[in-house]
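> Any chance you can model this:
(one chain, ligands or ions: 1)
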Amino acid sequence: MELWFREAHTPNVKLSIRVDKQLYSGQSEFQRIDVFDSQEFGRFLTLDGYMMLTEKDEFIYHEMMVHIPMAVHPNVKDVLVIGGGDGGVVRELCRYPEIEHIDLVEIDPQVVEVCRRYLPFTTCCLDDPRVSIHYEDGLRYVRTPVEQYDLIIVDSTDPFGPGEGLFTREFYGNCSKALRPDGIMVNQHESPFYQEDAIACQRAHKRIVESFPIAKVYQAHIPTYPSGHWLFGFASKKYHPLRDLDEVRWNARKLSCKYYTTMLHKGAFYIPAYVEELLKNVE
Ligand code: PUT
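Below is the predicted model:
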């Protein structure tokens, strides 16, 4: 009998992927964790039935979360990653030798265990000596540090369940406090396309605008996320994502990426008119 993974993107639209094999299914203290293998997308991870990453398109999401701020901030040494227990963001960060320390704060140890076992293509740098893993709620974790980080990357789940706290005013305010005076925060911002997700984008953006003097939104095409049109937030105390992009410096590194280029970086901040409209009333 054929096995299909299905995720409802709206009450009337579903994503369906034919599954070759279910590799793991378990219930942690926080959520249901599943790993599947498929013809089209390779291995993929879902949490509570929602797509987190696939082997085929994870590079888009992880490169866009990391290389955008790294091409802007000239001196990143201390990084905080919230969520991201699959290790994809850490893998991209570890390509920068000047980064001295990465705190990875993941609420669910079982996500890390399962990903280490089934998704080595994203967890491959979790044992880098610069990485410290903290099994803690990110919302609580950011209550303590003051001006400790140059970059915070919020690789959350969607704004419900265990990820809900990572879209709150309290959380963004504490991220701002935890960043040095020239720090940058990047977060996954959901899709602007379907109405319910669009409201989540709008709300997140409004809250970020309240906490940071510079708050911009950028986009990428991620085929397995709802609508495929995905947004990220770039929030900063000093650097502007376009004005302070240093193309020469970043290109001199000769990092080979599958998605990110400095040309694409510039284009990613030119968002469609309907998205500008959606976010306008909060700026
Ligand atoms: N970090 C995964 C984003 C969730 C997309 N549904």
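
> So His67 sits against Ser256, correct?
No. Assessed by CB atoms under 8 Å, His67 is found out of contact with Ser256, at 11.3 Å. All C-beta spots, glycine's among them, are computed from the backbone N, C-alpha and C.

> These two - which one has more neighbours?
Between His67 and Ser256, counted using other CB atoms under 10 Å, His67 has the larger neighbour count: 24 against 7.

> looking at this, that one is in a helix?
Yes. Looking at His67 with DSSP: H, G, I helix; E, B strand; the rest coil, it is inside a helix.

> which non-adjacent residue is nearest it?
Tyr260 (4.2 Å; CB to CB, 6 or more residues apart in numbering).

> Kindly tell me how buried the one you found is, as a neighbour count.
Around Tyr260 there are 25 other residues, counting by other CB under 10 Å.

> Equivalent analysis for the one 3 residues further on, please.
The tally of other residues near Met263 (other CB under 10 Å) stands at 9.

> Now do it against Met64, distance only.
According to CB to CB, to the nearest Å, Met263 and Met64 sit 14 Å apart.

> and if you look at Arg43?
In this view, Arg43 and Met64 are 21 Å apart by CB to CB.

> go on, Glu170?
Distance from Glu170 to Met64, counting by CB to CB: 26 Å.

> Next, count neighbours for the closest residue to the ligand within the stretch 1-150 of the chain.
Proximity to the ligand, evaluated over the stretch 1-150 of the chain using CB to the nearest ligand atom, is greatest for Met52 at 4.7 Å. Neighbourhood size, Met52 [other CB under 10 Å]: 28.

> Now do the SS call for it.
Three-state assignment for Met52 (three-state DSSP): strand.

> OK, contacts around it?
For Met52, the contact set (CB atoms under 8 Å, 6 or more residues apart in numbering) comprises Phe44, Leu45, Thr46, Asp86, Thr157.

> Run the chain-centre distance for stretch 57-77.
Centroid separation for stretch 57-77 versus its chain: 10 Å, with CA atoms, centre = their mean, to the nearest Å.

> Could I get the buried residue list for that stretch?
Going by neighbour count (16 or more other CB atoms under 10 Å), the buried part of stretch 57-77 is 57-73, 76.

> excluding its backbone neighbours, what's nearest Phe36?
Val19 (4.6 Å).

> right, and the helix or strand after the helix or strand harbouring that neighbour?
Using DSSP states H and E, Val19 falls within strand 13-27. Using DSSP H and E, the helix or strand that follows strand 13-27 towards the C-terminus is strand 32-38.

> Please enumerate the strands of the stretch 151-283 of the chain.
179-188, 214-221, 229-236 (DSSP state E, counting those that start in this stretch).

> which bits of the stretch 101-250 of the chain sit near the ligand?
By the rule CB under 6 Å from any ligand atom, the part of the stretch 101-250 of the chain lying against the ligand is Asp155, Thr157, Asp158, Gln188, Tyr225.

> For those, name the two members farthest from one another.
The distance between the two most remote of those (CB to CB) is 13.1 Å, for Asp155 and Tyr225.

> so how many other residues sit close to the closest residue to Glu210 other than its chain neighbours?
The spatially closest residue to Glu210, leaving aside those adjacent along the chain, is Arg169, at 6.5 Å (CB to CB, 6+ apart). Close neighbours of Arg169, defined as other CB under 10 Å, add up to 13.

> Give me the pLDDT for Arg169.
For Arg169, the pLDDT comes out at 94.
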